[in-house]
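Undergrad: missing the sequence, but the structure's below:
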């Protein structure tokens, strides 16, 4: 089998066909991450991202997988000795629990994959424990989980 870059299918989070225009752009020489050109491009991307999310707050652009973003979030929110409550009802919830255990302590509520969490159980944990981070990721099954509860 001959590899055809024009017909390659990228399987992370996909499948995604990479457009030939994108492949061509990836063939251009890169610019240095400390160059004035990069600084300008990065500034424009951050401004456009702020517009996209309709915020005046700072935004961070990460080049990496979803796990890289989850890792960055947990690393910046949780310190050793602090507790996270994670909701494990799918692959990403499971991964968030693993990341929480890397950076601090984790109370993990497990549910069958694709099913909504029990808000009463979440409220109970929040009332009894000193929780710094609550991590809940919506599952791919397009379920709608009830997420309104008061602390």
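TA: Structure received. Computed from a prediction, not measured in an experiment: that's the story for all the values here.
Undergrad: would residue 125 count as being in a helix?
TA: Yes: counting by DSSP: H, G, I helix; E, B strand; the rest coil, residue 125 is part of a helix.
Undergrad: That one is in contact with residue 83, isn't it?
TA: No: with contact defined as C-beta atoms under 8 Å, residue 125 does not reach residue 83; the gap is 9.4 Å. C-betas here are computed from N, CA, C, even on glycine.
Undergrad: Find residues that contact each of the two.
TA: Contact criterion C-beta atoms under 8 Å, 6 or more residues apart in numbering; residues shared by residue 125 and residue 83: 107, 131.
Undergrad: domain assignment for the chain?
TA: 5-52, 67-135 (automatic domain parsing).
Undergrad: hey, which of those domains is tucked in deepest?
TA: domain 67-135 (a mean of 16; mean count of other C-beta atoms under 10 Å).
Undergrad: now the end-to-end length of that one.
TA: Chord length of domain 67-135, first to last residue, is 13 Å (C-alpha to C-alpha, to the nearest Å).
Undergrad: quick one: it to chain centroid distance?
TA: Put simply, domain 67-135 sits 13 Å off its chain's centre (C-alpha atoms, centre = their mean, to the nearest Å).
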